[in-house]
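> give me coordinates for this.
(2 chains)
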Amino acid sequence: MSWEPSATLNAVQLRAKVNAQIRTFFHSRNVLEVETPLLNQYAVTDFQIESIATDNVKYLHTSPEYAMKRLLASHQCDIYQLCKAFRANESGHFHNDEFTMLEWYRVGWTYKALMNEVSELITVLVSDVDKPLSTKYFSYIEVFEKYTELDIRTAGQDDYLRVCEDHSVNLNSALKIDQYHNLILDQIIVPKFDKHALTYVYDFPAEQAALAKLNKQGFAQRFELYFDGIELANGFQELTDAKEQMLRFEEDNRKRLLENKKAIEIDVEFISALEAGLPESAGVALGVDRLLMSILNAKHINEVLTFAVT
Amino acid sequence: MANYNSNEFRAGLKLILDGDPYNIIENEFVKPGKGQAFNRVKLRNLKSGRVVDRTFKSGETVEAADVMDTDMQYLYNDGEEWHFMEPKSFEQFAMSKDAVGDAAQWLKGQEDCVVTLLDGMPLSVAVPNFVELQITQTDPGLKGDTAQGGTKPATLETGAIVKVPLFVGEGEVLRIDTRNGEYVSRVKE
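Model (predicted):
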């Protein structure tokens, strides 16, 4: 019957336990829990992510990033938030348009130090024994070299197409290089990772910098964590330069217009916060539903959501 | 011409790829958190029956196939074409030998079939799961060998050859499962 929950009582209890463990973890480390509005005046410009608008033209946030960074700029202290986030047109085994996100920021930390803390948290959440999970680290260049034998600094579209064909990924139409990067990492490389290890991929191509700082070689100081065959977390050495951030938002809008999507009004309050001074910091967002899926060995995200809304 | 956006993809949707009609069997939405979204789709070619994988960028559009499943009665064949009739309108449809394919071996006349029409033209036919056909030729079974295990080939009135138990003889009517071409039972007249 459709009134019944899609999650078992076991899954509901696990979520409650994980939420409590997350709060204990951050409380013991003096990271402050915060709450920011789900309904916001501005949508996200990212051309791969669509916000959901309400009737009175506010937008459900796609992540609490901008508001949390405004708090960081104002209070300059470590913060975390456990909240719902919303993304239009995302639905699949590992996607739901409404999902639970854990996001936190560490002032004065590097993104590499933050990767360690992510591993410590997940170790607490996935195991009751004090046995740390093994961790693996690959730069974006290394992971493509190891699993596809491509050098992303020199490879062309034909090289990426060949890797897709070799792995029976038949494309309906040609892709741009950054689209090949997304597809090959997600569908060809990640499935080859050790499912029981925490695997970090870091230093992304500049086109995928999003809100991360670039290093001297022009790669983005960004990391993603994969566990049990799925992307679990995404972190940045946070971009603190307001001008550079504004340029990236404008670039997002240029790409949107090229793909016949409408441009998004830029969140000027967020830009003002960067101008006032965002402390050097590292931040990360983690998909809580997927972590629960992994612990429960669930095949579909609906198994960890109390109600699957279709 | 109607189009489908990849956001509308779901199992059962019928579309045209490279000029051929396909039916979506499985559709999986995949997307890196901050990257391009894709649909990884498994489709069946409605002409050849072959299953293929195709990966679409999210937002790509594909031509819709105007495909309709229609109940029809099989009438007869003239060796080149197989003729079917829509029982309400009495409209008749002719289908080539290639399009009928393996289904031909189960059709003798008056079977209720499902004919798939593409743009009003017959594309493929699904025969009933069970048909009853008479044996026109089979060797006699050996006496005393009726217990179990042994089978022999038998030719049916449509020309189909099926494996039957040794105790079954010429002239008998058999119930056949058309999905795997296997003997089910004898039919008592």
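
> outside of the helix or strand of chain B with the lowest mean pLDDT itself, list whatever touches it.
In chain B, the helix or strand scored least confidently by mean pLDDT, DSSP states H and E is helix B:97-100, which has a mean of 87. Here helix B:97-100 makes contact (Cβ atoms under 8 Å, 6 or more residues apart in numbering or on different chains) with B:47, B:80-82, B:104, B:107, B:122-125. Placement of C-beta: from N, CA and C, glycine included.

> equivalent analysis for stretch A:100-108, please.
A:22, A:26, A:31, A:63-65, A:68-69, A:72, A:76-85, A:113-114, A:117, A:238, A:279-289.

> among those residues, which ones are in strands?
A:79-85, A:281-287 (DSSP state E).

> how far off centre is stretch B:158-175?
Here stretch B:158-175 is found 22 Å from its chain centre; the criterion is Cα atoms, centre = their mean, to the nearest Å.

> what does it rub up against?
In contact with stretch B:158-175 (Cβ under 8 Å, 6+ apart) are residues B:104-108, B:130-138, B:140-142, B:145-146, B:150-156, B:176, B:181-187, B:189.

> find the residue at the geometric middle of the chain.
No chain specified, so I'll use chain A. Nearest to the mean C-alpha position of chain A, by Cα atoms, centre = their mean, lies A:N234 at 3.6 Å.

> the chain in question should be chain B.
Centre-nearest of chain B using Cα atoms, centre = their mean is B:A126, 3.9 Å out.

> re the thing from before, contacts with chain B among the ones in strands among the contacts of stretch A:100-108, please.
Restricting the ones in strands among the contacts of stretch A:100-108 to those touching chain B (Cβ under 8 Å from any Cβ of the partner chain) yields A:285, A:287.

> pLDDT and neighbour count for the ones in strands among the contacts of stretch A:100-108 - can I get that in a markdown table?
Listed next are those as a markdown table, based on pLDDT from 0 to 100; neighbours: other Cβ atoms under 10 Å in any protein chain shown:
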| residue | pLDDT | neighbour count |
| --- | --- | --- |
| A:I79 | 98 | 23 |
| A:Y80 | 98 | 24 |
| A:Q81 | 98 | 23 |
| A:L82 | 98 | 20 |
| A:C83 | 98 | 19 |
| A:K84 | 98 | 13 |
| A:A85 | 98 | 20 |
| A:S281 | 98 | 23 |
| A:A282 | 98 | 25 |
| A:G283 | 98 | 25 |
| A:V284 | 98 | 24 |
| A:A285 | 98 | 22 |
| A:L286 | 98 | 22 |
| A:G287 | 98 | 23 |
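
> nearest residue to the residue of chain B most remote from its centre in space, please, no chain neighbours.
The outermost residue of chain B relative to its centre, with distances by Cα atoms, centre = their mean, is B:K34 at 42.8 Å. In this structure, B:K34 finds its nearest non-sequential neighbour in A:A210, 5.3 Å apart by Cβ to Cβ, 6 or more residues apart in numbering or on different chains.

> can you verify my assumption that that neighbour contacts A:R222?
Yes: with contact defined as Cβ atoms under 8 Å, A:A210 counts as touching A:R222 (6.6 Å).

> the strand or helix carrying A:N10 to strand A:281-287, inter-axis angle?
For A:N10, the host element (DSSP states H and E) is helix A:9-28. Relative orientation of helix A:9-28 and strand A:281-287, computed by axes from the mean of the first three to the mean of the last three Cα atoms, to 10 degrees: 170 degrees.

> returning to what we had before: any idea what the closest residue to the residue nearest to the centre of chain B other than its chain neighbours is bridged to?
Of all residues not flanking B:A126 in the chain, B:V114 sits nearest, at 4.4 Å (Cβ to Cβ, 6+ apart). Beta bridges link B:V114 to B:D71, B:A126 when assigned by DSSP bridges.

> quick check: B:V114 vs B:S6, distance?
28 Å (Cβ to Cβ, to the nearest Å).

> settle it for me: which of these two has more neighbours?
B:S6 (20 against 13; other Cβ atoms under 10 Å in any protein chain shown).

> how about the more buried one, what does it touch?
Contacts for B:S6 (Cβ under 8 Å, 6+ apart) come out as B:39, B:56-62.

> would you mind listing what in the stretch 101-250 of chain A touches chain B?
Counting by Cβ under 8 Å from any Cβ, the stretch 101-250 of chain A sits next to chain B at A:164, A:168-173, A:175, A:178-179, A:181-183, A:185-187, A:208, A:210, A:224, A:231, A:234.

> mind checking which of the residues you listed land in strands?
A:224, A:231, A:234.

> ok, the second one - how many residues close by?
The burial metric for A:E231, expressed as a neighbour count using other Cβ under 10 Å, is 21.

> likewise for the first one?
Neighbouring residues of A:E224 were enumerated by other Cβ under 10 Å; the total is 24.

> beta partners of it?
Judged by DSSP bridges, the bridge partners of A:E224 are A:V201, A:N234.

> what about residue 187, neighbour count?
Picking chain A for this. Neighbour tally, A:Q187, other Cβ under 10 Å: 18.

> wrong one, I was asking about chain B
12.

> with adjacent residues omitted, what lies nearest to A:V304?
A:L292 (4.3 Å).

> cool, and B:L166?
Looking at B:L166 with Cβ to Cβ, 6+ apart, the closest residue is B:G141, at 3.4 Å.

> confidence score at that neighbour?
Note for B:G141: predicted pLDDT of 71.

> thinking again about what came up before, out of the contacts of B:S6, which are close to chain A?
Answer for those near chain A (Cβ under 8 Å from any Cβ): B:56-60, B:62.

> residue ranges for the helices of chain A, please.
Applying DSSP state H to chain A gives helices spanning A:9-28, A:65-75, A:111-126, A:140-148, A:157-166, A:177-184, A:242-258, A:268-277, A:288-296.

> adding mean neighbour count and mean pLDDT, write the ones you listed out as a markdown table.
Formatted as a markdown table, those follow (neighbours: other Cβ atoms under 10 Å in any protein chain shown; pLDDT from 0 to 100):
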| stretch | mean neighbour count | mean pLDDT |
| --- | --- | --- |
| helix A:9-28 | 14 | 97 |
| helix A:65-75 | 20 | 98 |
| helix A:111-126 | 18 | 96 |
| helix A:140-148 | 18 | 98 |
| helix A:157-166 | 15 | 96 |
| helix A:177-184 | 21 | 95 |
| helix A:242-258 | 15 | 96 |
| helix A:268-277 | 16 | 97 |
| helix A:288-296 | 21 | 96 |
